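[1] predicted model and sequence follow; I will ask about them next.
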Amino acid sequence: MRSLKRFWELPSDEKGWLIEAFLLLGFYRAAIALVPLKRLLRPMHVYDPASEPPPERTQESTLRTARRIGRSILRAAGHTPWQSRCLVQALTASSMLRRRRIGGRLYLGVQNAQTSSPLQAHAWSRHADAILTGEEGHERFRILSVWVWTP
């Protein structure tokens, strides 16, 4: 109940972003189970991590918007009745940023597994130098691919 009360006290634009993030998190959670990942990443261009172009330059207002989107996704992900893990969050960020004509990147990485532990994967999203989703622990993962979209 407290969460719902806090939600209604938010400014209307922030409520809209949280609702959009919540719905997209659900969409991408289902889509990952039903659609090949390559098809979900189709609106983006893949780069080899070794030849990845430098981060895009951005205006302060655009960076502020991208960060607000990231925060909205993280907040909404904490309240979904389904698991909204890193890949779902990164795909949601790419969708919300593309909708607003803001460029960015989606990273897919793996952690070198020891023989006794299972392979671990991670996804995170970024705009310019700001990591929007999946920041925690991303540095432990070796980047396999970088998916880039432009405005």
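    That came in fine, so what should we check first? Small disclaimer: the values here were computed from a predicted structure and weren't measured. Residues are numbered from 1 along each chain as shown.
[2] the bottom helix or strand of this structure by mean pLDDT?
    In the chain, no helix or strand scores lower on mean pLDDT, DSSP states H and E than helix 2-9, which sits at a mean of 71.
[3] check residue 114 and give its pLDDT.
    What the model reports for residue 114 is a pLDDT of 62.
[4] who touches the host helix or strand of residue 39?
    Per DSSP states H and E: residue 39 is located in helix 37-40. Contacts with helix 37-40, where a contact means Cβ atoms under 8 Å, 6 or more residues apart in numbering, come from 28, 31, 32, 91. In this view, the C-beta of every residue, glycine as well, is placed from N, C-alpha and C.
[5] between these, which is closest to residue 148?
    residue 91 (14.1 Å; Cβ to Cβ).
[6] list the contacts for the closest one?
    24, 28, 31, 32, 40, 106, 123.
[7] secondary structure class of the first one, three-state.
    The reference is to residue 24. Assigned with DSSP: H, G, I helix; E, B strand; the rest coil, residue 24 falls in the helix class.
[8] ok, it - contacts?
    Taking Cβ under 8 Å, 6+ apart, one finds 91, 92, 95, 96 in contact with residue 24.
[9] go on, the fourth one?
    Shown in contact with residue 32 (Cβ under 8 Å, 6+ apart): 40, 87, 88, 91.
[10] quick check: which element contains the spatially most central residue of the chain?
    Nearest to the geometric centre of the chain sits residue 90, at 2.0 Å (Cα atoms, centre = their mean). In the assignment (DSSP H and E), residue 90 maps to helix 86-99.
[11] residue ranges with poor pLDDT in the protein?
    Within the chain, the ranges that satisfy pLDDT under 70 run 1, 3-4, 8, 112-116.
[12] could you rerun that using 90?
    The chain contains residues with pLDDT under 90 at 1-16, 37-38, 40-58, 111-120, 129, 137, 140, 142, 144, 149-151.
[13] can you redo the contacts of residue 32 as CSV with distance to residue 48?
    Formatted as CSV, these follow (distance: Cβ to Cβ, whole Å):
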residue, distance to residue 48
40, 20
87, 20
88, 25
91, 21
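[14] nearest to residue 80, of those?
    residue 88 (8.8 Å).
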